[in-house]
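> My questions concern the predicted model and sequence given below.
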Amino acid sequence: MKLKEFTSLFLQHTQLTRRHLTPELALRLITRECPLWAAPVTLSPFTDPYWGFYWPGGQAVARYVLDNEKVVKNRNILDVGCGCGAGAIAAAKMNAKRVVANDIDTYALEVTKINADYNDVKLETNANNFIGAKCDEFDAILIGDMFYDEDFARILFDWLSELTNKGKTVLIGDPGRHGLTESRRNQMSLIARYNLQEQSCMENNGFTETTVWKLKKYVICKCILFKYIFKLLIPDP
């Protein structure tokens, strides 16, 4: 589907709403009032419109950014898996120096641009896969609702741990998905907890609250720990 056709369909099947944790942001979303909400999959013009929903982890990160300007002000921000773009838009509103909304789905980036325009903010979009990248040009990384799969969560957490040890600020929004295990939570600090609005509870499979976590700098991923132990056991000649 070409972007022009996608944009037309997206505007047709979504609603501009502020009924979420960040009413400062006007976002076009697939709400319960939209016919597409209850339509059979076969009648949907989109294969997987995840970017049409404001997931609870994303709501938490955006809410935290809006309440804590110093986290992003005059800093370079990367929003990974940006979806509808709320985290990136919140960072831009809070005077980030540079904001890059990242998603490997170009439709998500188009949705982010649309929502950014509604909120009168400027940001960049990027469809590259940043997972595993050094991210030297960024000061803070925003992550929302990405710990939904254990295999991916393992890769993601090791990468974020490496970035944290390099001095990056990593904020993770999550409502309690199984990939954010107790072991991983023990390596982070819980910095915010929010009760979801009734509308969001109904839209998100019964989740009633959502949280924001910050990785602790001393977290060492397995690959770094192995290299360190190897060096201790076999010193340089």
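Done, it's in.
> What is the neighbour count of Cys34?
Each residue near Cys34 was counted by other C-beta atoms under 10 Å, and the total is 16. (Each C-beta comes from the backbone N, C-alpha and C, glycine too.)
> From Thr31, how far off is Ala90?
Computed with C-beta to C-beta, to the nearest Å, the distance linking Ala90 and Thr31 is 20 Å.
> Next: Thr47.
Thr47 is 20 Å from Thr31, where distance means C-beta to C-beta.
> just Tyr194 next, same as before
Taking C-beta to C-beta as the measure, Tyr194 falls 19 Å from Thr31.
> go on, Tyr148?
Applying C-beta to C-beta, one obtains 22 Å for the distance of Tyr148 from Thr31.
> can I assume Leu16 is in contact with Asp117?
No. With contact defined as C-beta atoms under 8 Å, Leu16 and Asp117 do not form a contacting pair (11.5 Å).
> what's the single longest helix in the chain?
helix 150-165 (DSSP state H).
> same for it, what does it pack against?
Where contact means 3 or more C-beta pairs under 8 Å, 6 or more residues apart in numbering; DSSP states H and E, helix 150-165 is packed against strand 140-144, strand 169-174, strand 209-215, helix 222-233.
> List the contacts of Met94.
If you count contacts by C-beta atoms under 8 Å, 6 or more residues apart in numbering, Met94 has them with Val65, Leu66, Glu69, Val71, Val72, Lys73.
> could you give the mean pLDDT of stretch 137-151?
Confidence over stretch 137-151 (mean pLDDT, whole number) is 96.
> okay, how far is it across it, tip to tip?
Between the opening and closing residues of stretch 137-151 lies a distance of 27 Å (C-alpha to C-alpha, to the nearest Å).
> can you pull the buried residues of that stretch?
For stretch 137-151, burial by neighbour count (16 or more other C-beta atoms under 10 Å) applies to Phe138, Asp139, Ala140, Ile141, Leu142, Ile143, Gly144, Asp145, Met146, Phe147.
> where does that stretch sit relative to the chain's centre, distance-wise?
Stretch 137-151 sits 6 Å away from the centroid of its parent chain (C-alpha atoms, centre = their mean, to the nearest Å).
> next one: stretch 78-98
Relative to the mean C-alpha coordinate of its chain, stretch 78-98 is positioned 9 Å out (C-alpha atoms, centre = their mean).
> Over to stretch 194-213?
With C-alpha atoms, centre = their mean, you get 15 Å for stretch 194-213.
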